[in-house]
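[1] Sequence and computational prediction follow.
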Amino acid sequence: MHDDRSLVEARLKRVLDERVRPAVYPESVPLEVAVWHAPGEPVPVAEGLAAEPAPIEVGARWGAPWGTSWFRVSGTVPEAWAGRTVEAILDLGFDENMPGFQCEGLVYRPDGTPVKGLNPRNQWVRVAAPAEGGEQVRLHIEAASNPVILDYHPFLPTQLGDKETAGSDPQYTLTRMDLAVFDQTVWQLVIDLEVLGELMAELPVESARRWDILRAVDKALDALDLQDVNGTADRARSRLTEVLATPAAPSAHRISAVGHAHIDSAWLWPLRETVRKVARTTSNMTALLDDEPEFVFAMSQAQQWAWVRDHRPEVWARVKKAVADGRFVPAGGMWVESDTNMPGSEAMARQFVHGKRFFLDEFGIENDEAWLPDTFGFAAGLPQIIKAAGSKYLLTQKISWSQTNKFPHHTFQWEGIDGTRIFTHFPPVDTYNCSMKGSEIAHAARNFKDKGVARHSLAPTGWGDGGGGTTREMVAKAARLRDLEGSATVTWETPREFFEKAAAEYPEPPVWVGELYLELHRATLTSQAKTKQGNRRSEHLLREAELWAATAAVRTGFPYPYEDLDRIWKTVLLHQFHDILPGSSIAWVHREARRTYERVAEELTGIVEAAQRALAGEGDTPLVFNAAPHARAGIPAGGARTPAEPDRPARSDRSGGGYVLDNGLLRVEIDARGLVVSAYDIEADRETVAPGRAANLLQLHPDFPNMWDAWDVDAFYRNTVTDLTDADEVVPDGDGVRIVRSFGSSRVTQLLSLAPGERRLTLDTEVDWHETEKFLKLAFPLDVHAERYASETQFGHFHRPTHTNTSWEAAKFEACNHRFVHLAEPGWGVAVVNDSTYGHDVTRTVRTDGDGGTTTTVRVSLLRAPRFPDPETDQGVHRFRHALVPGAGIEDAVREGWRINLPERRLTGGGAVAPLVTCDQDAVVVTAVKLADDGSGDVVVRFHEAFGGRARATLTAGFEVADVAVTDLLERPLADAPAPRAEGGRIALRLRPFELMTLRLRRA
């Protein structure tokens, strides 16, 4: 037979595009349209429905950036359409290639009942089936004219990302507002032909199945009268019956489709717009669930559920019913789909606490899985947190975005720093926006790396990022792919059903140990510095507020602010969403975040001060409160007393220019350039700074990545560097030295000082930053030979190599730390601690002159200046605090990291304040002391082993204890946990390396 494959395939494409798809709506009449443009921010639904609109014609421009327009459409079903299916086609000016990224709408009936959302891939509203001739139609559309930020030429700087700079030019052209007859048979033919055409394109040319499909399609097209598509569509479909009924091979890959709409809680739109995006999507999904009995939809992020409950009660009622039916499924058990690299220990735990508790309180449902499809890598401390929250699975697909190395598994056990293992799945479909295209389904089956031992994978199905969700077309395609030869099989299932099947068929999957590092989006550890500082400071203020409020409540009857703390925690957790904390959202989002963090700090500081005042009592005795988990300067952890005043460090002139700082433990030489050329550990008789090098070196790089400006820093940035060694001033300032530098359009002021009685050089840096597409680093070249270094993560630390033996190590040229980075030779080490930065790099070289030793350089990432999506990223004044700690063991790094983030608080009172709880072992770090969330008055203490070894310790309560229980993160007793030994308020502890534990102490 002659090869006519290309001819038939081209025929199919043209007939579908030009004849069959247009025939889905064979008849239409225009609707009358009127519009009211809401002034300013969105208005309540009742106000929008009641507003008096003005007429508008199709073809008119509408919608200022970030505006809201209420359209009213009305019309009459023609008598000739009686008995037929009628839909309204409402095209607000959509581009079908941008679902979730441009204008959207939510359709209401005149009584305020929500109908469904409108987006570029969902422009229809069912009016009647069957219709009655003469039936009156009236609908209202709350339309959001969200501007396109990520356009066809992506990553161009734009002022559209903030309503304060976006202007008022209309963004969209009203394209179509019609009543139309919907031909179900033609629509089904479209799905038939799409499924078969897409499957055919994925099969080998030599495959008999491909030719069977080709011949069937050819016959179907022959049976179709192109001048009467509606009259002959059923005949054409009959030619496809046999080829669509041929079952899949028994060995076919099995896909669990989960209806999904990954909705970024903020990204290229502000938080307030996400509230409406969620309402639109959930309206669509509840409507689709009503129409499609096999369809299942899952939605993560308890915050988004709460938005629907609080802002759209009319939609919430439909959601609650669908949840009760078991087909609208809460997923993930987290407050938001957060970043997991940067949130601190307690914050990461509270993501699960507040997420899981919301679903339990609202629906009585507990999630088994963490659902994080789009998060930019996963910290090695996360598995233990997932388990401690009562969950056992993790889903993500983001690691498929890695640029250098392809991850070797799709289903595996992920082992964290303490040895906890979590059953993890990466969907091989490589998207969280699966649309059931044949190319996606075929890719999932081909790409699956666990063939031969497993055959199940999951496909999150629906338009996401900006929401929208699953469409009726996707559901129809899935129905045809349920059991179709040549394709993977597709079944709608809940996440729990998928994970139970996957775990059962693969009882001994491979194990991946350590972080799941995304080889992309590394700059999210640095972009939008003020957002990151706001997060770090809020986390530590929350620790202080809980600690001092709990102590004061037990000791003095101080009213514990349960509701305030709950609300503030949820605000901080929201801002850890994976496009807010990473700094990859529009200017509007980060402008609001800065103001939110200011309010959070003010409110938490008020709680801290009120509790401390209650504890201190009346008097004029000077007191210092220590919220850190270790004693300092004689002040116990979690307590207060009168401080001793140590001797001040000495400062002297340095030969050759500059100054010397000396506190008897550390001698630091600062040269005339303001660089640290020596940091000498007097007790160890050891130099810290590498020979011939200088620390406190600011380095400036060009920073123009190939894509994803706010997200990415590409390896070639290191090819060009400017050392900022010229100083405007190097002068004494108090006990320290002040250094001023100017470069480009920016200015840096630093204060270097020694802490009394401590081996710690503190560097306070103020940067007035006005650069564009530059990357500012702070370098510490150290005379240390280390093959690996430690960086803090949640509830412990994680080691990374300093070498680049393989492509896996080389790809980690920018990494995350929390409060410290530590590197060491046996018996001596150095820590670099910080109060608000996360990104860093560590490199090593061997000196070719002199002693031939190794220089290991730690560089802290301070600031970037990308221009997309926020063209003014990080412009302005920033303040950072870092410290260099020579002679540091890991215990010193842990302690100093806490101290720099929890400064002392001073006030006067009646006398010392004893801690509410104490621990006699520094390796056991208490991360939270609080009252139980249920209002019982029980004291909850969370702690972990922090040094990486086994620990025995005694935790002592400063109050009478009636009972002690080991709990999960939600403060529920663990049935299988051995009861701790407790005598007279003293509780004996034994912890594994990095083990996390929560105790609930019932007060007598």
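    It's in.
[2] going forward, measure contacts between C-alpha atoms and count neighbours the same way
    Fine.
[3] and after whichever helix or strand residue 222 is part of, which helix or strand comes next?
    Assigned by DSSP states H and E, residue 222 belongs to helix 208-223. Using DSSP H and E, the helix or strand that follows helix 208-223 in sequence is helix 229-238.
[4] Contacts for that next one, please.
    Helix 229-238 is contacted from outside by 19-20, 23-24, 26, 183, 185-186, 189, 192, 219-225, using Cα atoms under 8 Å, 6 or more residues apart in numbering.
[5] same question, stretch 356-371
    Under Cα under 8 Å, 6+ apart, the answer for stretch 356-371 is 300, 302, 323-324, 330-335, 337, 386, 390-396, 495-496, 970.
[6] Filter these down to the ones in helices?
    302, 323-324, 386, 495-496 (DSSP state H).
[7] Tell me which helix or strand in this structure has the weakest average pLDDT.
    Counting by mean pLDDT, DSSP states H and E, the weakest-scoring helix or strand in the chain turns out to be strand 982-983, with a mean of 84.
[8] Tell me the first helix or strand C-terminal of that one.
    Assigned by DSSP H and E, the successor of strand 982-983 is strand 986-991.
[9] How are the helices of the stretch 551-700 of the chain distributed by residue range?
    562-574, 587-616 (DSSP state H, counting those that start in this stretch).
[10] Which of the ones you listed sits closest to residue 466?
    Shortest separation from residue 466 across the helices of the stretch 551-700 of the chain is recorded for helix 587-616, at 14.9 Å, computed as Cα to Cα.
[11] and the angle from the closest one to helix 562-574?
    Orientation of helix 587-616 against helix 562-574 (axes from the mean of the first three to the mean of the last three Cα atoms, to 10 degrees) gives an angle of 150 degrees.
[12] quick revisit: any chance you could list what contacts the helix holding residue 222?
    Residues contacting helix 208-223 (Cα under 8 Å, 6+ apart): 5, 8-9, 12, 193, 196, 200-201, 203-205, 232, 235-240, 243, 485-486.
[13] gap between the nearest residue to residue 961 once chain neighbours are set aside and residue 295?
    Nearest non-adjacent residue to residue 961, counting by Cα to Cα, 6 or more residues apart in numbering: residue 1003, 4.7 Å away. Distance, residue 1003 to residue 295, by Cα to Cα, to the nearest Å: 50 Å.
[14] what does residue 502 give?
    20 Å.
[15] More neighbours: which of those two?
    residue 295 (24 against 20; other Cα atoms under 10 Å).
[16] wait, doesn't the more buried one sit right on residue 328?
    No: checked against Cα atoms under 8 Å, the pair residue 295 and residue 328 is beyond contact range at 9.2 Å.
[17] Looking at the helices of the stretch 551-700 of the chain, which is nearest to residue 268?
    Using Cα to Cα, the nearest of the helices of the stretch 551-700 of the chain to residue 268 is helix 587-616, at 8.5 Å.
[18] Next, the buried residues of the closest one.
    587-590, 593-594, 596-597, 600-601, 603-605, 607-616 (16 or more other Cα atoms under 10 Å).
[19] any low-confidence regions in the stretch 451-600 of the chain?
    Nowhere does the stretch 451-600 of the chain drop to pLDDT under 70.
[20] can you give me the strands for the stretch 301-450 of the chain?
    Along the stretch 301-450 of the chain, the stretches classed as strands by DSSP state E, counting those that start in this stretch are 328-330, 369-371, 393-395, 411-415, 421-425.
[21] Rebuild these as CSV, extending it with distance to residue 895.
    CSV is the format used below for the strands of the stretch 301-450 of the chain (distance: least, Cα to Cα, whole Å):
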stretch, distance to residue 895
strand 328-330, 40
strand 369-371, 31
strand 393-395, 32
strand 411-415, 26
strand 421-425, 28
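[22] could I get the ones you listed as TSV with mean pLDDT and distance to residue 795?
    As requested, the strands of the stretch 301-450 of the chain are arranged in TSV below (pLDDT from 0 to 100; distance: least, Cα to Cα, whole Å):
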stretch	mean pLDDT	distance to residue 795
strand 328-330	98	27
strand 369-371	98	18
strand 393-395	98	19
strand 411-415	98	14
strand 421-425	98	15
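[23] got these as a markdown table, with mean neighbour count columns?
    Listed next are these as a markdown table, based on neighbours: other Cα atoms under 10 Å:
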| stretch | mean neighbour count |
| --- | --- |
| strand 328-330 | 24 |
| strand 369-371 | 24 |
| strand 393-395 | 23 |
| strand 411-415 | 23 |
| strand 421-425 | 24 |
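[24] To residue 923, which of those lies closest?
    Between the strands of the stretch 301-450 of the chain, strand 411-415 lies closest to residue 923; by Cα to Cα that is 22.1 Å.
[25] so what strands line up beside that closest one?
    Strand pairing for strand 411-415, using DSSP bridges, gives strand 421-425 (antiparallel), strand 511-513 (parallel).
[26] For residue 563, which of those strands is the nearest?
    Minimum separation from residue 563 across these (Cα to Cα) falls at strand 421-425, 33.0 Å.
[27] ok, residue 79 to residue 131 distance?
    Residue 79 is 9 Å from residue 131, by Cα to Cα.
[28] Repeat that for residue 228.
    Distance, residue 228 to residue 131, by Cα to Cα: 23 Å.
[29] Also residue 399?
    In terms of Cα to Cα, residue 399 sits 49 Å off from residue 131.
[30] Neighbour count for the two, which is higher?
    residue 399 (23 against 20).
[31] What's the per-residue pLDDT of that one here?
    On the pLDDT scale, residue 399 is placed at 97.
[32] Equivalent analysis for residue 978, please.
    For residue 978, pLDDT reads 83.
[33] Check residue 109 too.
    Looking at residue 109, the pLDDT reads 97.
[34] before we move on, what about residue 98?
    At residue 98, pLDDT is 94.
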